[in-house]
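Novice: Predicted structure and sequence below. I'll ask about it afterward.
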Number of protein chains: 2
Amino acid sequence: MSLRHALLGLLADEPASGYDLTRRFEKALRRYAWHAQHSQIYPELGRLADDGLVEVVAEGARGRRTYAITDAGRAELRRWLLHPPEVFVVRHEFVLRLFLLSTLDTADARAMLQPIVEESARELTALREAIEKSDATSLADAGLPFGRLAAEYGVRSLETLHGWAVWALERTEPAGNRRAGQASVAAQHASRPDGPATGPT
Amino acid sequence: MSLRHALLGLLADEPASGYDLTRRFEKALRRYAWHAQHSQIYPELGRLADDGLVEVVAEGARGRRTYAITDAGRAELRRWLLHPPEVFVVRHEFVLRLFLLSTLDTADARAMLQPIVEESARELTALREAIEKSDATSLADAGLPFGRLAAEYGVRSLETLHGWAVWALERTEPAGNRRAGQASVAAQHASRPDGPATGPT
DNA sequence: AATAACATGTAACGCGTTACATGATTAC
DNA sequence: GTAATCATGTAACGCGTTACATGTTATT
């Protein structure tokens, strides 16, 4: 039950209301790690409070309730983080689409890859700017929702996606531009022009 | 409904039974893209057949039914691949854990990162070997379940994960080894020692 | 003869999404 | 005053997991 721990993680950073948490899922987690809507978040906050892992620390206008993590909540979050399961269940439609790319012909594959090249470049620029802005404040991690480490992971993942899509487009050139052309058997066998070379350290 | 299209994608490669498909999810998709169990796969195959997107092409021993994709199925798969949604819903517990890393203190964070460094190195080696073996057969993509492009994406993603984890461990050195030590504000501000430098092309 | 692997199916339960529903406060 | 945003809640439905259930074929 990851939602529970995602909420504990967000509250470990700072107290927040259900509404705040909903926006933080939207903004920071949705794209990379996890997603939840308010219809799931509010009831789960209630259960977390029942279990003593969070508590209401303030009530504001419009019925707003600000929750904070308790010591028991921190302990539970820590326990969960230090005991990962042996296999992770992944559900990532974007990556599924990448895998199924091989069922398309050359022209269709290129139509699928081109937007990825562009979109990943845009996102990368945005994330790099957010990091620079945060670094400039000279207060650690200011503005970066999950700290510098997570931001770096995001940047590197986007760079990888971008680099791969560019490489894949090169390998999938339209007929004529390439020695074998089309999705022929030979064309699938070109050497890796700019693939990473070195192994793990 | 991605399961439908994941099944169509697998069947676009070659005909298979529900049992085969279950194993292919397990082996090839589970770790990176999507997961499904036989209890979900069998009923969905039935629905796909009802909708004319797949058909039974052989019946074998032990009630085995081999399904193949139909032309209508291929058309549906193509349509789906060429019309991605604007936002993707991601559900990736491993990445969620990376994001929540920042809630741990230095010692705990290192305890979390170390196994990642090792495990990603192991997986990378295994995948690289599978690719080399496949390349050596000199038949395109032989043995690579989703083709060379997907395999390359896998390699690059693992390299990225490994590189990031090594980098994160370096930044998170135990007290004493590092100018500021612990999870202090200053320690969070080291420059990026081996981070990738260049932007998108 | 026994065990492992092959092969399929379904029921119950829990998680997640969509849609419905309501009201308060702030900014223009 | 009116629209946008803030703020919470729940019901219905669909997707996904776990567990239950059954039988066949190949291997040793």
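Specialist: Thanks, I have the structure now.
Novice: give me phi/psi at A:R30?
Specialist: Torsion angles at A:R30 (phi, psi; degrees, to the nearest 10) stand at phi -50, psi -50.
Novice: repeat for the one 10 residues further on
Specialist: Taking degrees, to the nearest 10, you get phi -100, psi -30 for the backbone angles of A:Q40.
Novice: How many neighbouring residues does it have?
Specialist: 14 (other Cβ atoms under 10 Å in any protein chain shown). Every C-beta, even on glycine, is put in place using the N, C-alpha and C of the backbone.
Novice: for the one 10 residues further on, same thing?
Specialist: Other residues within reach of A:D50 by the criterion other Cβ under 10 Å amount to 9.
Novice: Could you measure from the residue nearest the centre of chain A over to DNA strand C?
Specialist: The residue lying closest to the centre of chain A (Cα atoms, centre = their mean) is A:Y32, at 1.2 Å. Computed as Cβ to the nearest atom of the strand, to the nearest Å, the A:Y32 to DNA strand C distance reads 14 Å.
Novice: Which pLDDT value belongs to the residue nearest to that residue when sequence neighbours are not counted?
Specialist: Using Cβ to Cβ, 6 or more residues apart in numbering or on different chains and skipping residues adjacent in sequence, the residue nearest A:Y32 is B:V95, 5.5 Å away. Here the pLDDT value assigned to B:V95 is 96.
Novice: Toward the C-terminus, what is the element adjacent to the one helix or strand B:V95 maps to?
Specialist: Using DSSP states H and E, B:V95 sits in helix B:93-100. Next helix or strand after helix B:93-100 toward the C-terminus (DSSP H and E): helix B:106-136.
Novice: Show me which residues of the helix or strand that that following helix is followed by are buried.
Specialist: Next helix or strand after helix B:106-136 toward the C-terminus (DSSP H and E): helix B:147-171. Buried residues in helix B:147-171, counted by 16 or more other Cβ atoms under 10 Å in any protein chain shown: B:147-169, B:171.
Novice: Next: stretch A:101-121.
Specialist: A:101-104, A:106, A:108-109, A:112-113, A:116-117, A:120-121.
Novice: List just the nearest of the residues you listed to A:L77.
Specialist: Using Cβ to Cβ, the shortest approach to A:L77 within the buried residues of stretch A:101-121 belongs to A:S120, at 31.4 Å.
Novice: Spell out which parts of chain A neighbour DNA strand D.
Specialist: For chain A, the contact set with DNA strand D under Cβ under 7 Å from any atom of the strand comprises A:17-20, A:22, A:38-39, A:42-43, A:45-46, A:60-65, A:89, A:91.
Novice: Against A:D108, how distant is the closest residue to A:L161 other than its chain neighbours?
Specialist: Nearest-residue entry for A:L161: A:S120, 4.7 Å, with adjacent residues in sequence omitted and distances by Cβ to Cβ, 6+ apart. A:S120 sits 19 Å away from A:D108 when distances are taken as Cβ to Cβ, to the nearest Å.
Novice: ok, back up a step: packing partners for the helix holding B:V95?
Specialist: The contact analysis (3 or more Cβ pairs under 8 Å, 6 or more residues apart in numbering or on different chains; DSSP states H and E) places helix B:93-100 against helix A:2-13, helix A:71-82, helix A:147-171.
Novice: For the second one, report the contacting residues that lie outside it.
Specialist: Contacts to helix A:71-82, defined as Cβ atoms under 8 Å, 6 or more residues apart in numbering or on different chains, come from residues A:5, A:8-9, A:11-12, A:48, A:51-54, A:69, B:97, B:100-101, B:103-104, B:108, B:111-112.
Novice: Quickly check: that helix near DNA strand C or not.
Specialist: No - figure legend: helix A:71-82 not in contact with DNA strand C (Cβ under 7 Å from any atom of the strand); closest approach 13.8 Å.
Novice: and that helix with helix B:93-100, angle?
Specialist: Orientation of helix A:71-82 against helix B:93-100 (axes from the mean of the first three to the mean of the last three Cα atoms, to 10 degrees) gives an angle of 130 degrees.
Novice: buried set for helix A:71-82?
Specialist: Buried residues in helix A:71-82, counted by 16+ other Cβ under 10 Å: A:73-74, A:76-78, A:80-81.
Novice: Tell me which two in these are the farthest apart.
Specialist: Farthest pair in those (Cβ to Cβ) is A:G73 and A:L81. Separation: 12.6 Å.
Novice: got the helices and strands packed on helix B:93-100 as a markdown table, with mean pLDDT columns?
Specialist: Below are the helices and strands packed on helix B:93-100 laid out as a markdown table (pLDDT from 0 to 100):
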| stretch | mean pLDDT |
| --- | --- |
| helix A:2-13 | 96 |
| helix A:71-82 | 97 |
| helix A:147-171 | 95 |
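Novice: Pipe those helices into a markdown table and attach distance to A:A130 per row.
Specialist: Output for those, formatted as a markdown table (distance: least, Cβ to Cβ, whole Å):
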| stretch | distance to A:A130 |
| --- | --- |
| helix A:2-13 | 16 |
| helix A:71-82 | 25 |
| helix A:147-171 | 7 |
